[in-house]
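> make a model of this:
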Amino acid sequence: QVQLVESGGGLVQAGGSLALSCAASGRTFSSYVMAWFRQAPGKEREFVAAVSRRGGSRYYADSVKGRFTISRDNAKNTVNLQMNSLKPEDTAIYYCAAGDSGNAYDAGSYVYWGQGTQVTVSS
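The predicted structure is shown next:
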C-alpha cells in the first residue's frame, strides 16, 4: 500500500512558476513509476509527466514539454514537478500517481493516487 500526498499548488499569474511535491509513504517507493496527471473542470484527466523508477527516464505531454520538469528523490520518497512559464490552460487539479506496470502515459497503469492539489493560473 502506498499513500500519496501532494502539496505546492496555488494561484499564480501567467508566466510564473510553481513547484509541486508529492510525498509517498511505504518502503517500496523506488519500485514504482511515478507520474503527474491533471484534470481541468469539465475535462478528462490527462497525463502531464512521468519518471522511471530510478529517475533515468522522463516522459512529458507535448503541452508541457520544455516548461515542466519532473524529478524524484528515492531517499526521501518524493516526486516533484517544477512548472515554469505557466499558462491559463495549465489550470487544473494536479494528481500524483504511482504504478508498477503498463504504459507510463496511461492513467490505467497507475494503482495509487493522491487527493490532488489545485493549480490556478490567471491571465
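
> now do the contacts for the most centrally placed residue in the chain.
Nearest to the mean C-alpha position of the chain, by CA atoms, centre = their mean, lies residue 36 at 2.1 Å. By CB atoms under 8 Å, 6 or more residues apart in numbering, the contact list for residue 36 reads 20, 22, 48, 49, 50, 70, 79, 81, 94, 95, 96, 97. All C-beta spots, glycine's among them, are computed from the backbone N, C-alpha and C.

> just the buried subset of those, written out for PyMOL, thanks.
Only the buried members of the contacts of residue 36 enter the following PyMOL selection, criterion being 16 or more other CB atoms under 10 Å:
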select buried, resi 20+22+48+49+50+70+79+81+94+95+96+97
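
> out of the contacts of residue 36, list just those in strands.
Under the assignment DSSP state E, those contribute 20, 22, 48, 49, 50, 70, 79, 81, 94, 95, 96, 97 to strands.

> where does this structure dip in pLDDT?
Counting by pLDDT under 70, the chain contains no low-confidence segment.

> picking that back up, what's the separation between the residue nearest to the centre of the chain and residue 68?
Distance check for residue 36 against residue 68: by CB to CB, to the nearest Å, it reads 8 Å.

> circling back to that earlier point, what's the closest of the contacts of residue 36 to residue 60?
Nearest to residue 60 among those: residue 49, at 5.0 Å, using CB to CB.

> how near is that closest one to residue 34?
9 Å.

> please enumerate the shared neighbours of those two.
Contact criterion CB under 8 Å, 6+ apart; residues shared by residue 49 and residue 34: residue 70.

> sorry, back to before: list the residues that contact both of residue 36 and residue 68?
Common contact partners of residue 36 and residue 68 (CB under 8 Å, 6+ apart): 48, 49, 81.

> closest to residue 6 out of these?
Distances from residue 6 to the shared contacts of residue 36 and residue 68, taken by CB to CB, are shortest for residue 81, at 9.2 Å.

> hey, what's the closest one bridged with?
Beta-bridge partners recorded for residue 81 (DSSP bridges): residue 20, residue 70.

> quick thing: my sequence starts at 47, can you match it?
Understood, numbering begins at 47; the last thing we discussed is residue 127.
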